[in-house]
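Enquirer: Give me coordinates for this.
(one chain, ligands or ions: 1)
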Amino acid sequence: MKKFQAEVQRTTQPNQPITEDDLDRMPNLKAVIKETLHLHPPVSLLVSRESTKDVQVMGYDVAAGTRVVVIAWSIGRDPALWDEREEFRPERFSNGLVDFRGQDFELIPFRAGRRGCSEIQFAAAVDELAVANLVHKFDFALLNGVELDVKEVAVILAHFESFMYNFDDSYLVFWKEKKM
Ligand code: HEM
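Expert: Below is the predicted model:
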């Protein structure tokens, strides 16, 4: 937080609001937001899609009419893709090689492709402005002895079925809707 706070203090004018132009001079801030979206994607299970024909995906035979959910959370924790996958390490993005705009499939908090988030630019700017303003004006710390557990729990509820799913097992969830 101190490193990131120093960057915000250095980049902004005293007593002036932080602007979007300031954000472009804050690579640490951008890396912090990226790492947050990487480890805690708000849409951890992307919206399901239904296959229109029989296909093969990652070695699975997927029959026509099967719903497929891509789990952005699991991709972000895959040890084959990420070193120290449980650690909050914004520096992993400091070389600027991996971005969340849908070109790098290891980081897809906004999905990728045609039906990915249409407001990535806006969402990123809003997040960056909010966080930059917060660390600009406040110091954050946990009270002595307090531990914060930010582990997610996955629950999917649907009218035909409900189940809990262990994200660590796979990137994908498949199901076929039961005929009522
Ligand atoms: C950090 C914030 C956000 C995240 C992580 C996020 C994530 C996503 C994801 C994953 C999808 C694809 C859903 C799918 O699997 O089909 C999506 C779609 C979409 N998002 Fe966002 N979103 C964010 C903020 C926003 C904001 C602020 C807006 C609007 C102002 C927005 C508007 C949309 C729209 C309109 C779509 C649907 C695009 C389409 O189907 O053509 N999102 N978003």
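Enquirer: hey, let's count contacts and neighbours off CA atoms from now on
Expert: Will do.
Enquirer: can you give me phi and psi for Ala124?
Expert: phi -60, psi -40 (degrees, to the nearest 10).
Enquirer: What number of residues are in the vicinity of it?
Expert: By other CA atoms under 10 Å, 16 other residues sit near Ala124.
Enquirer: Check what pLDDT it gets.
Expert: Note on Ala124: pLDDT of 95.
Enquirer: Pull the contacting residues for the nearest residue to it once chain neighbours are set aside.
Expert: Distances taken as CA to CA, 6 or more residues apart in numbering put Ile33 closest to Ala124, at 7.9 Å, once the chain neighbours are dropped. Counting by CA atoms under 8 Å, 6 or more residues apart in numbering, Ile33 makes contact with Ala124, Asp127, Glu128.
Enquirer: State the distance from the first one to Asp24.
Expert: Distance from Ala124 to Asp24, counting by CA to CA, to the nearest Å: 12 Å.
Enquirer: How about the last one?
Expert: Here the criterion is CA to CA. By it, Glu128 lies 10 Å from Asp24.
Enquirer: And those two? Which one has more around it.
Expert: Higher neighbour count among Glu128 and Asp24: Glu128, with 20 against 12, using other CA under 10 Å.
Enquirer: so the more buried one sits in a strand?
Expert: No. Per DSSP: H, G, I helix; E, B strand; the rest coil, Glu128 lies outside any strand segment and is helix.
Enquirer: Which pLDDT value goes with it?
Expert: 95.
Enquirer: Verify the contact between it and Ala31 for me.
Expert: No. Using CA atoms under 8 Å, Glu128 is not in contact with Ala31; the gap is 10.0 Å.
Enquirer: circling back to that earlier point, as JSON lines, the contacts of Ile33 with distance to Ala63 would be great.
Expert: Listed next are those as JSON lines, based on distance: CA to CA, whole Å:
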{"residue": "Ala124", "distance to Ala63": "37"}
{"residue": "Asp127", "distance to Ala63": "39"}
{"residue": "Glu128", "distance to Ala63": "42"}
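Enquirer: For these, give me TSV that also has distance to the ligand.
Expert: Listed next are the contacts of Ile33 as TSV, based on distance: CA to the nearest ligand atom, whole Å:
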residue	distance to the ligand
Ala124	6
Asp127	7
Glu128	10
